[in-house]
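Visitor: here's a sequence, model it:
(chains A and B, ligands or ions: 2)
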Amino acid sequence: MRVISLSDIRKTYIIGDAELPVLKGIDLSIESGDFLALMGPSGSGKSTLMNIIGCLDRPTAGTYTLLDRDVSTASEEELAMIRRDRIGFIFQAFNLIGRISVLKNVELPMMLKGVPRDERRARAIELLESVGVAHRADFSPLNISGGERQRVAIARALANNPEIIIADEPTGNLDLKSTEEVMDILSGLNREGRTIIMVTHNPEITKYCNRVIRMRDGRILDQSSVEQS
Amino acid sequence: MKLYDILDLISIGFKADRFKTLMSSLGIIIGVMAIVVMLSVGEGLYSGVSSQFSTLDLDVIHVIPGRFSFGGPPARSPEEPAKFTDKDTKLLENIPGVRNVAPQTSAGVIIGFRNTNASATLVGIDPENEHDLKTKISQGRFLTESDYTSIVIGSGVADGLFRMRISPGNRIRIYYEDNYMDFRVVGVLREEESSGIRAGNINTQMYVTHRAMKELLGRENYYYGTFQVTVDDPASVDEVVDRIKLDLKRYHRDEAYDATTARDMLSSLMSILSMIKYALAGIGAISLVVGGIGIANVMMLTVKERIREIGVMKALGATTRDIRIQYLLEAGLLGVVSSIIGIVLGIAVSFAMGSLAGLPSTIRIQSMLTGLLFGALSTVIAGVYPANRAAMLDPIEALRSE
Ligand SMILES: Nc1ncnc2c1ncn2[C@@H]1O[C@H](COP(=O)(O)OP(=O)(O)O)[C@@H](O)[C@H]1O
Ligand SMILES: [Mg+2]
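Guide: Ligands and ions are numbered 1, 2, ... in the order given. This next block holds a predicted model:
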């Protein structure tokens, strides 16, 4: 099943009088259960593309169909709803909220959805257990290690059980051991059937992926598919 | 997002930043406090004053030398104060519509009773014309024209000044400057509720005839200090006032005198009260505006500090509405909490003013609700701009920021 379909997606920034094309016509289809690695030099437009796929940003032109829905024309409100229910974000910089506990961070997407307190607390603990950081539930995210932070972020991304996970350089700030732990978790989620799109600079970890896409200067260079193990 | 979850998030922020929260709410606290004090003191003054005036005679005109003044500095006039004599009594008595003229002269004196001294006010009167006072005798008798060393005393003088009660038959000595005279108490007046408008509180006054008063004061030229003129018909009181002012010119062309009614005094008092009220309201309003600006500033700072957090919230699916409500509620909650603190302080200040300055204060639920309303309103208004700024943030920009 096709979950994501991009056709001639363009993104152009206007800086003063000058136009800065960042995405110059992206055509891409992603199937349910894909684990896709997006690679390419810095500034090639990977994050811009990820933000569009994640419904955080809108393309300047082109059509984007997500889960059989044309989201190019969706309203702000609808996009927020899609982000909340269908997409989980994982960032290089973790982006946990430091002034609330690890547990509350994981509860947050469920709070936004209006899940009752007891139910969401139970699920948050369950999720923290599944990524092995339940013992940090009452800590501030500022007081745990980088590897733990990214595992909390994964738990948070899974809170509303989204079918798509968007991870922009999730291991960019992690050491080797944490990188492996995080990739094992992501790979497990992929095996459960979740579609994962991940930006990375590390060729090593593309071994977890079934597809690798290279970008340069706002265009997709080549796509290679790997036989799933 | 559910309300209690938003409140939960907000309270975490308040707890984490107690000092900033308190500082930002100070202006609102002071503003609400001023409003509550204003309403309580204003209300108290109004009800106090109007209850005194409800018992006031509307058929009485006060005529005095000099000029009446209320509140502000004593009214000064270039003229000498009028010297009232029996000629004026006759003149006033002959004005149509006048039923009675009671001339009085009062002075602060020292009373000696059984080797102890106390101070009180002595009033020289014309017994025949003091019909009202005459009815207030509770013990003994009232003065007559022929009395000279007889004295009638108020209940406060009888009961409150000395260890022993003064009763009819007792002798007291009255000192005025270097003079003294001995009097025999012939009557005691009934206790009266005090009235703020009369020449004084009759409970603490003593009455003698003008003859005795003149002797005690030791003045060659004895003048009356005030006339209490009673009219036949309360409806004609203003006409009579005009006539009195006109007719007295005959004897006092170059001297100052004044005539006024209870209603005039009431309205001047009321205008002073409303000035006080407006001054307090002004302080309250200014504090609320300053407080609102303070809150808006702190909220802007908070939004700036939390730019990244707001970006994360949006990435996780928060709508602009979610964010706007969160920050409006944060301002509103700050307003409600500050207002409640302001109300509590306002009540305390009202009571303190009441007991220290003798100002009556009535604390009503309406005053508290008004304080709460204005406090919450000004914070919510102050919160609108910062909340909008937060809601409109572009999530990508926000996530990129430091
Ligand atoms: N808001 C913006 N305004 C102008 N230029 C931008 C903006 N966002 C990104 N860019 C530019 O777009 C290009 C692609 O950025 P990005 O998608 O972050 O690349 P990558 O993630 O591949 O490093 C960069 O040159 C960047 O400077
Ligand atoms: Mg990037």
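
Visitor: low pLDDT regions in chain A?
Guide: Residue ranges of chain A with pLDDT under 70: A:225-229.

Visitor: mind listing the strands for it?
Guide: A:2-15, A:18-31, A:35-39, A:61-66, A:69-70, A:87-91, A:164-168, A:195-199, A:211-216, A:219-225 (DSSP state E).

Visitor: please apply the same query to chain B.
Guide: In chain B, the strands defined using DSSP E lie at B:60-65, B:80-81, B:98-113, B:116-125, B:137-140, B:150-153, B:171-176, B:179-189, B:205-209, B:226-231, B:255-261.

Visitor: most neighbours per residue, which of those?
Guide: With neighbours defined as mean count of other Cβ atoms under 10 Å in any protein chain shown, the strands of chain B peak in mean count at strand B:150-153, which reaches a mean of 27. All C-beta atoms are positioned from the backbone trio N, CA, C, and that covers glycine.

Visitor: quick one: distance of that strand to the chain centre.
Guide: 33 Å (Cα atoms, centre = their mean, to the nearest Å).

Visitor: note down every partner strand of it and its orientation.
Guide: Counting by DSSP bridges, the strands paired with strand B:150-153 are strand B:179-189 (parallel), strand B:205-209 (antiparallel).

Visitor: would a markdown table of the ones you listed with distance to A:A74 and mean pLDDT be doable?
Guide: What follows is the strands paired with strand B:150-153, written out as a markdown table (distance: least, Cβ to Cβ, whole Å; pLDDT from 0 to 100):
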| stretch | distance to A:A74 | mean pLDDT |
| --- | --- | --- |
| strand B:179-189 | 90 | 93 |
| strand B:205-209 | 88 | 93 |
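
Visitor: contacts only, for A:A124.
Guide: A:103, A:106-107, A:110, A:137, A:155, A:159 (Cβ atoms under 8 Å, 6 or more residues apart in numbering or on different chains).

Visitor: that older thread, turn the strands of chain B into TSV, columns for distance to A:T200.
Guide: Shown next, in TSV, are the strands of chain B (distance: least, Cβ to Cβ, whole Å):
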stretch	distance to A:T200
strand B:60-65	97
strand B:80-81	101
strand B:98-113	99
strand B:116-125	98
strand B:137-140	104
strand B:150-153	105
strand B:171-176	107
strand B:179-189	103
strand B:205-209	100
strand B:226-231	101
strand B:255-261	94
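
Visitor: can you tell which of those is closest to A:I26?
Guide: strand B:255-261 (92.0 Å; Cβ to Cβ).

Visitor: counting by contacts, list what that closest one packs against.
Guide: In terms of contacts (3 or more Cβ pairs under 8 Å, 6 or more residues apart in numbering or on different chains; DSSP states H and E), strand B:255-261 is packed against strand B:60-65, strand B:80-81, helix B:237-248.

Visitor: least confident of these, on average?
Guide: Across the helices and strands packed on strand B:255-261, the stretch with the lowest average pLDDT is strand B:80-81; it has a mean of 84.

Visitor: grab the nearest non-local neighbour of residue 100.
Guide: All of this is about chain A. Nearest residue to A:I100 in three dimensions, chain neighbours excluded: B:I12, at 5.8 Å (Cβ to Cβ, 6 or more residues apart in numbering or on different chains).

Visitor: ah, no, chain B please
Guide: With sequence-adjacent residues excluded and distances taken as Cβ to Cβ, 6+ apart, B:N100 is closest to B:T230, at 4.3 Å.

Visitor: against B:D254, how distant is that neighbour?
Guide: To B:D254, B:T230 is 29 Å away according to Cβ to Cβ, to the nearest Å.

Visitor: where does pLDDT dip in chain B?
Guide: Checking chain B against pLDDT under 70 turns up B:48-56, B:69-77, B:193-200, B:357-361.

Visitor: would you map out the domains in it?
Guide: B:3-51+B:269-400, B:83-251 (automatic domain parsing).

Visitor: which of the ones you listed sits closest to ligand 1?
Guide: domain B:3-51+B:269-400 (6.8 Å; Cβ to the nearest ligand atom).

Visitor: for chain B, just list every one of the helices.
Guide: B:3-16, B:18-54, B:86-93, B:131-134, B:155-160, B:210-217, B:237-248, B:262-305, B:307-315, B:320-357, B:365-392, B:395-400 (DSSP state H).

Visitor: now render these as TSV, adding mean neighbour count and distance to ligand 1.
Guide: Supplementary listing: the helices of chain B in TSV, determined by neighbours: other Cβ atoms under 10 Å in any protein chain shown; distance: least, Cβ to the nearest ligand atom, whole Å:
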stretch	mean neighbour count	distance to ligand 1
helix B:3-16	15	29
helix B:18-54	20	32
helix B:86-93	16	92
helix B:131-134	16	90
helix B:155-160	19	85
helix B:210-217	19	95
helix B:237-248	17	80
helix B:262-305	17	19
helix B:307-315	23	13
helix B:320-357	20	19
helix B:365-392	20	16
helix B:395-400	17	7
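
Visitor: could you list the contact residues of chain A toward ligand 1?
Guide: Residues of chain A found near ligand 1 (Cβ under 6 Å from any ligand atom) are A:13, A:15, A:20, A:22, A:40, A:42-48.

Visitor: report the two of these separated the most.
Guide: Most distant of the residues of chain A next to ligand 1, by Cβ to Cβ, are A:I15 and A:G40, 21.8 Å apart.

Visitor: higher neighbour count, the two?
Guide: Neighbour count, other Cβ atoms under 10 Å in any protein chain shown: between A:I15 and A:G40, A:G40 has more, with 20 against 7.

Visitor: tell me the centre residue of chain A?
Guide: Note on chain A: the residue nearest the mean C-alpha position is A:I166, at 1.4 Å, using Cα atoms, centre = their mean.

Visitor: residue in chain A with the shortest distance to chain B?
Guide: In chain A, the residue that lies nearest chain B is A:R84 (2.3 Å; Cβ to the nearest Cβ).

Visitor: picking up where we left off before, ok, which of the strands of chain B comes nearest B:E43?
Guide: Minimum separation from B:E43 across the strands of chain B (Cβ to Cβ) falls at strand B:255-261, 25.7 Å.

Visitor: sorry, back to before: mind checking how far the residue nearest to A:I100 is from B:N388?
Guide: For B:I12, the distance to B:N388 equals 22 Å [Cβ to Cβ].

Visitor: in the lengthiest helix in chain A, what's buried?
Guide: Secondary structure of chain A per DSSP H: the longest helix is helix A:176-191. Neighbour counts over helix A:176-191 (16 or more other Cβ atoms under 10 Å in any protein chain shown) mark A:178-183, A:185-186, A:189-190 as buried.

Visitor: and that helix, what does it pack against?
Guide: With contacts defined as 3+ Cβ pairs under 8 Å, 6+ apart, helix A:176-191 has these neighbours: strand A:35-39, helix A:146-157, strand A:164-168, strand A:195-199.

Visitor: any chance of these in JSON lines with distance to B:G284 as columns?
Guide: Converted to JSON lines, the helices and strands packed on helix A:176-191 look like this (distance: least, Cβ to Cβ, whole Å):
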{"stretch": "strand A:35-39", "distance to B:G284": "60"}
{"stretch": "helix A:146-157", "distance to B:G284": "46"}
{"stretch": "strand A:164-168", "distance to B:G284": "53"}
{"stretch": "strand A:195-199", "distance to B:G284": "57"}
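
Visitor: looking at the ones you listed, which is closest to A:F94?
Guide: Among the helices and strands packed on helix A:176-191, helix A:146-157 sits nearest to A:F94 (Cβ to Cβ), with 4.4 Å.

Visitor: next, see if that closest one gets close to chain B.
Guide: Yes. Judged by Cβ under 8 Å from any Cβ of the partner chain, helix A:146-157 and chain B are in contact via A:R156.

Visitor: can you tell which of the strands of chain A is closest to B:I286?
Guide: Of all the strands of chain A, strand A:2-15 sits nearest to B:I286, with 45.6 Å by Cβ to Cβ.

Visitor: for the closest residue to A:L23 other than its chain neighbours, list the residues it contacts.
Guide: Closest residue in space to A:L23, ignoring its immediate chain neighbours: A:K11 at 4.0 Å, by Cβ to Cβ, 6+ apart. By Cβ under 8 Å, 6+ apart, A:K11 lies in contact with A:21-23, A:45, A:48-49, A:52, A:57, A:59-60, A:218.
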